[in-house]
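S.K.: Output the structure for:
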Amino acid sequence: MDNSSGDSSGVGVLDKAALVLGALESGPATLAGLVGATGLARPTAHRMAVALEYHRLLARDMQGRFVLGPRLAELAAAAGEDRLLAAAGPVLTHLRDVTGESAQLYRRQGDMRICVAAAERLSGLRDTVPVGSTLPMKAGSAAQILLAWEEPERLHHGLQGARFTATALSGVRRRGWAQSIGEREPGVASVSAPVRGPSNRVVAAVSVSGPIERLTRHPGRMHAQALLDAAARLTEALKRNG
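M.R.: Residues are numbered from 1 along each chain as shown. Modelled structure (predicted):
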């Protein structure tokens, strides 16, 4: 018997599909993970996930886990309703101007993170990450942010082969921001903070990055507050329109 809860539209199959899609907002999940997150019976969760995969609303990562599918991005782009991207432009521009460094917004997709928006430093030495760039989840302050608040199973998996440790992620959760020094690329430092969706789950990481010579080996001391302010603005935009 299904043990799902929450508001119902009266169209059961759509309600179940929405539960499955919502469960994957913060990252990939196994079938067992979907069952736990949605309260659906295992056969029902499997049937819904396979059907959504057929329509490209879900996909699988390299470990066979379910992730949000490419059709969702296509629909969002066509409708122009990606509120995060709509809010990101002015927030990243302000962050760049306040810090003097290139600013980026990353979202997780499976075992990778994608730069979905950026505001580049206008002159001088900079860390350029073009929009659409795909980077690993194993290094960098944005990867730390996108992993730190994951469920234990996903957290353990994500730490395998990572350049950071469980202790480091504990520190990230405690202070609310992350920094990296030469983790992703030699000579580059970065600071990141979490952007949360209406359900309070981390849905993106906002970052600044640049040469260690400018950011120093303690970039968080210089820019953590600016990152937290930018993340708060993006979070508020999502909650206000959620």
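S.K.: Work out for me the element G124 sits within.
M.R.: Following DSSP states H and E, there is no helix or strand that holds G124.
S.K.: and if you look at the one 4 residues further on?
M.R.: Secondary structure here is read from DSSP H and E; on that basis T128 sits in neither a helix nor a strand.
S.K.: Going forward, the N-terminal residue is numbered 24.
M.R.: Sure, I'll start counting at 24 from here, so that last one is T151.
S.K.: Can you tell me the closest non-neighbouring residue to it?
M.R.: Of all residues not flanking T151 in the chain, E143 sits nearest, at 6.0 Å (Cβ to Cβ, 6 or more residues apart in numbering). For every residue, glycine as well, the C-beta is placed using N, CA and C.
S.K.: you'd agree that neighbour is up against G123?
M.R.: No. Under the criterion of Cβ atoms under 8 Å, E143 makes no contact with G123, lying 11.7 Å away.
S.K.: Point out where this structure drops to low pLDDT.
M.R.: Along the chain, the parts satisfying pLDDT under 70 run over 24-30, 99-104, 148, 264-265.
S.K.: hmm, try it at 80
M.R.: 24-30, 49, 96-106, 146-151, 221-222, 263-265 (pLDDT under 80).
S.K.: Quick one: the helices in it, in order.
M.R.: Using DSSP state H, the helices of the chain run over residues 35-46, 54-61, 65-77, 93-102, 106-122, 164-171, 175-182, 189-198, 235-238, 242-263.
S.K.: nearest to G220, of those helices?
M.R.: Evaluated over these, closeness to G220 peaks at helix 242-263, with 5.4 Å, by Cβ to Cβ.
S.K.: Next, format the helices of the chain as JSON lines and append mean neighbour count and distance to V139.
M.R.: Formatted as JSON lines, these follow (neighbours: other Cβ atoms under 10 Å; distance: least, Cβ to Cβ, whole Å):
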{"stretch": "helix 35-46", "mean neighbour count": "17", "distance to V139": "18"}
{"stretch": "helix 54-61", "mean neighbour count": "18", "distance to V139": "24"}
{"stretch": "helix 65-77", "mean neighbour count": "17", "distance to V139": "22"}
{"stretch": "helix 93-102", "mean neighbour count": "12", "distance to V139": "10"}
{"stretch": "helix 106-122", "mean neighbour count": "18", "distance to V139": "6"}
{"stretch": "helix 164-171", "mean neighbour count": "28", "distance to V139": "11"}
{"stretch": "helix 175-182", "mean neighbour count": "15", "distance to V139": "20"}
{"stretch": "helix 189-198", "mean neighbour count": "14", "distance to V139": "21"}
{"stretch": "helix 235-238", "mean neighbour count": "16", "distance to V139": "22"}
{"stretch": "helix 242-263", "mean neighbour count": "19", "distance to V139": "12"}
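S.K.: need those helices in TSV with distance to Y129, can you?
M.R.: Shown next, in TSV, are the helices of the chain (distance: least, Cβ to Cβ, whole Å):
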stretch	distance to Y129
helix 35-46	21
helix 54-61	22
helix 65-77	24
helix 93-102	15
helix 106-122	11
helix 164-171	4
helix 175-182	14
helix 189-198	15
helix 235-238	18
helix 242-263	12
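S.K.: S215 is nearest to which of the ones you listed?
M.R.: Closest of the helices of the chain to S215 is helix 164-171, at 3.9 Å (criterion: Cβ to Cβ).
S.K.: What helices and strands are in contact with the closest one?
M.R.: In terms of contact count using 3 or more Cβ pairs under 8 Å, 6 or more residues apart in numbering; DSSP states H and E, helix 164-171 is assigned the packing partners strand 125-132, strand 135-142, strand 157-159, helix 175-182, helix 189-198, strand 201-204, strand 211-219, strand 225-234.
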